[in-house]
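[1] Turn this into a structure:
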Amino acid sequence: MPTYTRSGMGICHVLERRRIFPQLTVRQNLILGARHKKAMERREKSLQDIYKIFPRLFERPNQLANSMSGGEQQMLAIARGLMGLPKLLMVDEPFLGLS
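    Reported below is the predicted structural model:
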């Protein structure tokens, strides 16, 4: 099933290797997660919700993703998935790099 079809169904898959955008900031990575109309309309609210769930990301909105630890990158990948307001979030190896 193509990615755009899964996304349209409200399904998000966070892959094991994180697949963040390394040259973008934390905030830019998160904003890219809000890619459909409903998510874009709620983007600022979603950002605040994400920052409550992952306070470490709140502390570093302007930090480049590639300068973060592996655990922080994993948080960012999961948070970016949540920004799309999925009905189902599938996470492969959710605790990879977290300690």
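[2] Where does pLDDT dip in this protein?
    Low-confidence segments of the chain, defined by pLDDT under 70: 17-18, 96-99.
[3] Please work out which residues outside the helix of greatest length in the chain touch it.
    Ranked by number of residues, the top helix in the chain under DSSP state H is helix 70-83. Residues lying outside helix 70-83 but in contact with it, judged by Cβ atoms under 8 Å, 6 or more residues apart in numbering, are 12-15, 18-20, 26, 29-34, 39, 43, 46-47, 49-50, 53-54, 56-57, 60, 65, 68, 89, 91, 94-99. Quick note: C-beta positions are derived from backbone N, CA and C, even for glycine.
[4] got it, and stretch 36-49?
    Residues outside stretch 36-49 that contact it (Cβ under 8 Å, 6+ apart) are 7, 8, 27, 30, 31, 33, 34, 82, 83, 84, 85.
[5] thinking again about what came up before, for the next helix or strand after the longest helix of the chain, packing partners?
    Later in the chain than helix 70-83, the nearest helix or strand by DSSP states H and E is strand 88-91. Contact here means 3 or more Cβ pairs under 8 Å, 6 or more residues apart in numbering; DSSP states H and E; on that basis strand 88-91 packs against strand 11-14, helix 70-83.
[6] and the ones you listed as JSON lines, adding mean neighbour count and distance to residue 1?
    What follows is these, written out as JSON lines (neighbours: other Cβ atoms under 10 Å; distance: least, Cβ to Cβ, whole Å):
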{"stretch": "strand 11-14", "mean neighbour count": "18", "distance to residue 1": "9"}
{"stretch": "helix 70-83", "mean neighbour count": "21", "distance to residue 1": "17"}
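[7] Can you lay out these as TSV showing distance to residue 2?
    Below are the helices and strands packed on strand 88-91 laid out as TSV (distance: least, Cβ to Cβ, whole Å):
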stretch	distance to residue 2
strand 11-14	12
helix 70-83	17
